[in-house]
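A.B. asks: Task: produce atomic coordinates for the following.
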Amino acid sequence: MLSDNVTPTLVNYDLFTSDPTLAGAVDREGAAWARAHIERFGRILGSEQVIRLGFEANENAPVLRDDAEVEFHPAWHELMRLSIENGVHALPWQDDRPGSHVARAALMFLASQNEAGHACPLSMTYSSIPALRKEPSLAAEWEPRITASVYDPRFAPADGKQGVLIGMSMTEKQGGSDVRANTTRAEPLAGAEYRITGNKWFCSAPMSDAFLILAQAPGGLTCFLLPRWTPDGKRNGFRIERLKPKLGNRSNASAEVEFDGAWAHRIGDEGRGVRAIMEMVQHTRLDCTIGSAALMRQALVQTLHHARHRMAFGKLLIDQPLMRNVLADLSLESQAATLLTMRLARAFDARQSDVTEQAFARFATPIGKYWICKRGPSLVVEAMECLGGNGYVDDCVMPRLYREAPLNSIWEGCGNVICLDILRAMKKDPAIPQVVMHEARLARSADRRFDAYLRALESDLPKADEVGARRIAERLALGLQASLMIRYASAAEADAFCASRLAGDSGRAFGTLAGSVDFGALLEGPAKVVAQA
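C.D. replies: Numbers count the residues shown, from 1 in each chain. Just a heads-up that it's a prediction; the model follows:
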């Protein structure tokens with residue numbers, strides 16, 4: 001009797017050790033000391049039981065029970081517990097060793113592959129600390145709760161909880177990304193205390209214990225910490241009006257909320273709200289980049305697994321020449337995304353003591369966020385097509401990845417907003433692109449196509465304008481990725497990347513690499529480790 005030729009579900013594999021690009025980056029970028037921790041987390045996330053939790057959390061979306069509480073499925077709570085106990089929400093603030101942001105980025109990369117929705121509150125909690133530290137009294141009160149490795153989902157005053165989550169709410173219906181159009185009002189009480197009145201059109205993770213928000217104070221747009229409970233232990237004037245029915249990210253609650261005279265504490269000076277909250281946004285943009293790179297990796301892993309088991313026209317898919325072209329191309333894209341993501345994380349570690357790394361983190365993070373988040377949906381849909389009709393059915397993870405893929409390009413600044421941020425930074429300081437060019441030049445003279453690309457980019461940087469903002473962001477991202485591929489990928493991988501991404505020796509879809517590419521060399525690493533899973 002013939003085999004049913006159905007690919008078995010990929011379970012019980014190690015997400016970390018099966019990813020040579022990520023593992024190499026962890027060691028190279030300064031987090032080798034955390035390797036045992038990351039490996040352990042990768043084994044947990046690859047287990048059949050925890051993979052099932054991701055499905056259950058998405059099959060049972062959160063429910064609004066009243067105007068204050070959101071009910072989540074037990075699978076969500078278990079995923080949150082696992083991630084918080086492993087430091088995904090706060091590792092760099094718990095352990096300030098060099099490489100802690102790199103280690104945490106690797107943990108976030110793994111957690112996002114398993115289930116991306118619960119990564120949202122983890123990201124905002126992690127990102128809140130730099131903003132809170134602008135107000136030392138608030139940081140002293142809240143930081144010990146935020147950094148605790150205990151998941152405490154109770155709806156209760158923060159001072160009685162073992163651990164807390166922090167959310168963010170800036171967007172209003174009339175302004176969207178234009179936060180200076182916000183109409184939410186902040187009325188001064190005494191000192192740094194205010195009453196907040198208004199609505200927010202989008203509040204991520206509304207079950208959080210406190211939120212960083214923007215509101216119009218007498219001195220202009222200002223940043224505040226708004227907790228769910230007032231200092232005297234009463235429910236704050238924070239009401240959840242409804243949960244958003246989102247395309248993807250279904251396990252995570254996002255809401256429209258109302259502030260009715262809600263108590264809040266000012267962060268920074270009045271009128272400096274955007275500057276204050278950008279400390280948080282910079283970190284969440286890094287996490288958007290991590291999240292998209294993680295989705296790309298998981299889509300690639302699922303596709304390679306399928307190709308190693310599925311027969312068509314007398315051969316396994318992975319032995320079919322055209323499929324090998326597609327798989328090799330997807331692998332290149334995923335690898336370049338991972339390399340750039342982890343390099344950005346290293347800059348977050350080094351920026352405290354190195355002004356060049358500080359500038360690199362500030363300028364290269366939106367570049368990485370723009371390009372990797374743009375490439376994610378294209379890769380995921382191509383990977384889904386490799387599975388055929390099976391990839392379109394919710395029995396497999398691919399539809400969830402597909403629904404999730406556009407999200408990171410939209411959140412924390414959609415494409416135009418990000419590119420205009422990049423352009424403004426270039427106009428404000430014409431020297432700042434040189435921190436990216438310096439990094440790219442570390443691979444100079446290794447590939448003539450790369451050298452020609454850098455020369456053209458250097459010439460065009462001073463001419464950048466608003467119409468061409470997306471093009472210059474893309475070119476900067478590709479220059480960084482090519483440099484990293486030349487330095488850290490195999491010779492065959494670097495050659496194929498430069499030929500296809502820089503020199504145009506490919507078509508406009510995945511799977512159009514030149515016939516001279518050594519597909520076997522490009523697939524040897526990722527295909528081998530997935531086969532061993």
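A.B. asks: mind showing which ranges of the stretch 51-200 of the chain have poor pLDDT?
C.D. replies: For the stretch 51-200 of the chain, applying pLDDT under 70 flags no range at all.
A.B. asks: Please enumerate the strands of it.
C.D. replies: Secondary structure of the stretch 51-200 of the chain (DSSP state E, counting those that start in this stretch): strands at 63-64, 70-71, 166-171, 185-188, 193-204.
A.B. asks: Identify the residues contacting stretch 343-360?
C.D. replies: When contacts are taken as CB atoms under 8 Å, 6 or more residues apart in numbering, the neighbours of stretch 343-360 outside the stretch itself are 25, 29-30, 92, 98-102, 104-105, 283, 286, 289-290, 361, 364-365, 368, 432, 435-436, 438-439, 480, 484. C-betas here are computed from N, CA, C, even on glycine.
A.B. asks: Just send the strands of the stretch 51-200 of the chain back as a markdown table, with mean neighbour count too.
C.D. replies: A markdown table is the format used below for the strands of the stretch 51-200 of the chain (neighbours: other CB atoms under 10 Å):
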| stretch | mean neighbour count |
| --- | --- |
| strand 63-64 | 14 |
| strand 70-71 | 16 |
| strand 166-171 | 26 |
| strand 185-188 | 18 |
| strand 193-204 | 20 |
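A.B. asks: Put together TSV for the ones you listed, with distance to S409 on each row.
C.D. replies: Formatted as TSV, these follow (distance: least, CB to CB, whole Å):
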stretch	distance to S409
strand 63-64	27
strand 70-71	26
strand 166-171	16
strand 185-188	31
strand 193-204	15
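A.B. asks: Any idea which of the ones you listed gets closest to C414?
C.D. replies: Proximity to C414, assessed across the strands of the stretch 51-200 of the chain by CB to CB, is greatest for strand 166-171 (11.3 Å).
A.B. asks: how about the CA coordinates for that closest one, as CSV?
C.D. replies: Only the C-alpha atoms of strand 166-171 are listed here, as CSV (Å, rounded to 0.1, in the frame of the first residue of the first chain):
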residue,chain,number,x,y,z
ILE,A,166,3.4,47.6,31.2
GLY,A,167,1.5,48.6,28.1
MET,A,168,1.5,51.6,25.8
SER,A,169,-1.3,53.7,24.3
MET,A,170,-0.6,56.6,22.0
THR,A,171,-2.9,56.3,19.0
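A.B. asks: just how off-centre is it within its chain?
C.D. replies: Strand 166-171 has its C-alpha centroid displaced from the chain centroid by 16 Å (CA atoms, centre = their mean, to the nearest Å).
A.B. asks: try stretch 304-321
C.D. replies: The offset between the C-alpha centroid of stretch 304-321 and the centroid of the whole chain comes to 31 Å, using CA atoms, centre = their mean.
A.B. asks: Between the two ends of it, how far is it?
C.D. replies: 14 Å (CA to CA, to the nearest Å).
A.B. asks: what does stretch 148-164 give?
C.D. replies: In terms of CA to CA, the two terminal residues of stretch 148-164 are separated by 8 Å.
A.B. asks: Give me the contact list for that stretch.
C.D. replies: Applying CB under 8 Å, 6+ apart, the external contacts of stretch 148-164 come out as 68-69, 72, 77, 80-81, 84-87, 90, 94, 125, 142, 145-146, 207-210, 227-229, 233.
A.B. asks: could you flag which of those are buried?
C.D. replies: With neighbours counted using 16 or more other CB atoms under 10 Å, the contacts of stretch 148-164 contain these buried positions: 72, 80, 84, 86-87, 90, 125, 142, 145-146, 207-210, 227-229.
A.B. asks: wait, what's in contact with the spatially closest residue to A345 that is not a sequence neighbour?
C.D. replies: Using CB to CB, 6 or more residues apart in numbering and skipping the chain neighbours, the partner closest in space to A345 is A105 (3.7 Å). Under the criterion of CB under 8 Å, 6+ apart, the neighbours of A105 are L286, I290, T341, M342, L344, A345.
A.B. asks: quick one: A105 from R487, how far?
C.D. replies: According to CB to CB, to the nearest Å, A105 stands 19 Å off from R487.
A.B. asks: still on that earlier bit, keep only those of the contacts of stretch 148-164 that are in helices.
C.D. replies: The members of those that map onto helices under DSSP state H are H77, M80, R81, I84, E85, Q94, T125, W142, R145, I146.
A.B. asks: by how many degrees do the top helix by length along the chain and strand 166-171 diverge?
C.D. replies: In terms of residue count, the longest helix belonging to the chain (DSSP H) is helix 273-309. Using axes from the mean of the first three to the mean of the last three CA atoms, to 10 degrees, one finds that helix 273-309 and strand 166-171 are set 110 degrees apart in direction.
A.B. asks: List the buried residues for helix 273-309?
C.D. replies: 273-274, 276-309.
A.B. asks: which residues sit against the very next helix or strand once past that helix?
C.D. replies: Toward the C-terminal end, the helix or strand that comes next after helix 273-309 (DSSP states H and E) is strand 311-312. Around strand 311-312, the neighbours that count as contacts under CB under 8 Å, 6+ apart are N5, L317, Q320.
A.B. asks: Dump these into a markdown table; add pLDDT, secondary structure and distance to S177 as well.
C.D. replies: Written out in a markdown table, the entries for the contacts of strand 311-312 read as follows (pLDDT from 0 to 100; DSSP: H, G, I helix; E, B strand; the rest coil; distance: CB to CB, whole Å):
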| residue | pLDDT | secondary structure | distance to S177 |
| --- | --- | --- | --- |
| N5 | 88 | coil | 48 |
| L317 | 97 | helix | 42 |
| Q320 | 97 | coil | 44 |
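A.B. asks: before we move on, the earlier item: quick one, which of the contacts of stretch 343-360 are buried?
C.D. replies: Members of the contacts of stretch 343-360 that pass the buried threshold by neighbour count (16+ other CB under 10 Å) are listed as 25, 29-30, 92, 99-102, 104-105, 283, 286, 289-290, 361, 364-365, 368, 432, 435-436, 439, 480, 484.
A.B. asks: From P366, how far off is the nearest residue to R275 once chain neighbours are set aside?
C.D. replies: Across the structure, with CB to CB, 6+ apart as the measure, the residue nearest R275 apart from its sequence neighbours is G268 (7.0 Å). Applying CB to CB, one obtains 22 Å for the distance of G268 from P366.
A.B. asks: How about R235?
C.D. replies: Taken as CB to CB, the spacing of R235 relative to P366 amounts to 38 Å.
A.B. asks: returning to that earlier point: out of G268 and P366, which sits in the more crowded spot?
C.D. replies: When G268 and P366 are compared on other CB atoms under 10 Å, the one with more neighbours turns out to be P366, at 27 against 19.
A.B. asks: Surely that one and L423 touch.
C.D. replies: No. Using CB atoms under 8 Å, P366 makes no contact with L423, being 10.1 Å away.
A.B. asks: give me every residue that touches the residue sitting nearest the centre point of the chain.
C.D. replies: Nearest residue to the geometric centre of the chain (CA atoms, centre = their mean): C288, 2.4 Å. Neighbouring residues of C288 by CB under 8 Å, 6+ apart: K369, C373, N408, S409, W411, E412.
A.B. asks: could you redo the last one with a cut-off of 6 Å?
C.D. replies: Taking CB atoms under 6 Å, 6 or more residues apart in numbering as the contact definition, C288 lies against K369, C373, N408, E412.
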